[in-house]
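K.L.:
model this:
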Amino acid sequence: MSRKVVLVTGAASGMGEAVARKYLELGDRVVGFSLEETAGIIHPNFTYVRGDITKLEDCERAAAAAAEKYGMLDTLVNCAGVVKEGNLETTDASAFQKVMQINAGGTFNICKASIPYLKKQPSSIVLIASDMGAKPLNDRIAYNPSKAAVIMLMKCIALDYAPMVRCNAVLPGIIDTPMIQNRLRQSDHPEELMKIYESLYPMGRIGKVEDIVNGVLFLNDDASAWITGIELPICGGPI
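P.N.:
Predicted coordinates:
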């Protein structure tokens, strides 16, 4: 892979941190952007920008930081997002709006802030959507449509900015992240809950962070140079 300048949202934990660390391992330069006060990554090629993805001005600061420090920005990976469980009766309007604002609105903001830099040279965007954006799971009345919106945003960006900027989406299933581990710890029957999660996928297990990282790397690599506007399900089986 050629040396890249990569902006990764949600880089302070979970999937975003894993993506950032992998690009650094490959010798790329990375700007991490997240809401947390600090990131746990210490590396000479890593810069951290704290900000709120729901605020366009914060996203603009992050994109500008990459361009100013490294002279360009040619790769964007949007990992920031939230999950909210509930149906129409158990999800209040403010919770629904918050999930949409972060997952869909945040995706719009970071892409809008980054595109002036990305379109200057051949570039790539990978958005982390969800298999639930294509095939809904029950009790996700806010999350499912928010991720469906991310998929459609990806398709619009791919159409509008080809051939200079490619845009694709990864659709993860349930991934073994600190959030999932915390949910298991809080459960009265963690082993049963894990079996429920595993039963959702023909491959018989939930995903590993590495599964998603590998998909992100492929979609941003020259090996996928003729791929744009696709949904790549990484969820242990067909959607």
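
K.L.:
residues in contact with the residue positioned nearest the centre of the chain?
P.N.:
Nearest to the mean C-alpha position of the chain, by CA atoms, centre = their mean, lies Cys79 at 2.3 Å. Listed by CB atoms under 8 Å, 6 or more residues apart in numbering, the contact set of Cys79 reads 8-11, 14-16, 19, 128. Bear in mind the C-beta positions are built from the backbone N, C-alpha and C, glycine included.

K.L.:
and those residues, which is the shakiest by pLDDT?
P.N.:
Within the set of the contacts of Cys79, pLDDT is lowest for Gly14 (91).

K.L.:
next one: phi and psi at the closest residue in space to that one that isn't next to it in sequence?
P.N.:
With sequence-adjacent residues excluded and distances taken as CB to CB, 6 or more residues apart in numbering, Gly14 is closest to Thr177, at 4.4 Å. When read as degrees, to the nearest 10, the backbone of Thr177 gives phi -120, psi 170.

K.L.:
go on, Ala149?
P.N.:
Per-residue torsions, Ala149: phi -70, psi -40 (degrees, to the nearest 10).

K.L.:
tell me which helix or strand of this protein sits lowest on mean pLDDT?
P.N.:
Least confident helix or strand of the chain, by mean pLDDT, DSSP states H and E, is helix 178-186 with a mean of 90.

K.L.:
now for that one, which elements pack on it?
P.N.:
Contacts defined by 3 or more CB pairs under 8 Å, 6 or more residues apart in numbering; DSSP states H and E place helix 178-186 against helix 190-199.

K.L.:
SS state for Asp52?
P.N.:
Three-state assignment for Asp52 (DSSP: H, G, I helix; E, B strand; the rest coil): coil.

K.L.:
what's the local residue count around it?
P.N.:
16 (other CB atoms under 10 Å).

K.L.:
how far away is the residue nearest to it when sequence neighbours are not counted from Val99?
P.N.:
Leaving out its chain neighbours, the residue that sits closest to Asp52 by CB to CB, 6+ apart is Asp58, at 5.0 Å. With distances taken as CB to CB, to the nearest Å, Asp58 is found 19 Å from Val99.

K.L.:
go on, Phe33?
P.N.:
Applying CB to CB, one obtains 19 Å for the distance of Phe33 from Val99.

K.L.:
name the SS class of the residue in the chain sticking out farthest from the centre, please.
P.N.:
The centre of the chain is farthest from one residue, Asp188, which by CA atoms, centre = their mean lies 30.0 Å away. Secondary structure state of Asp188, per three-state DSSP, is coil.
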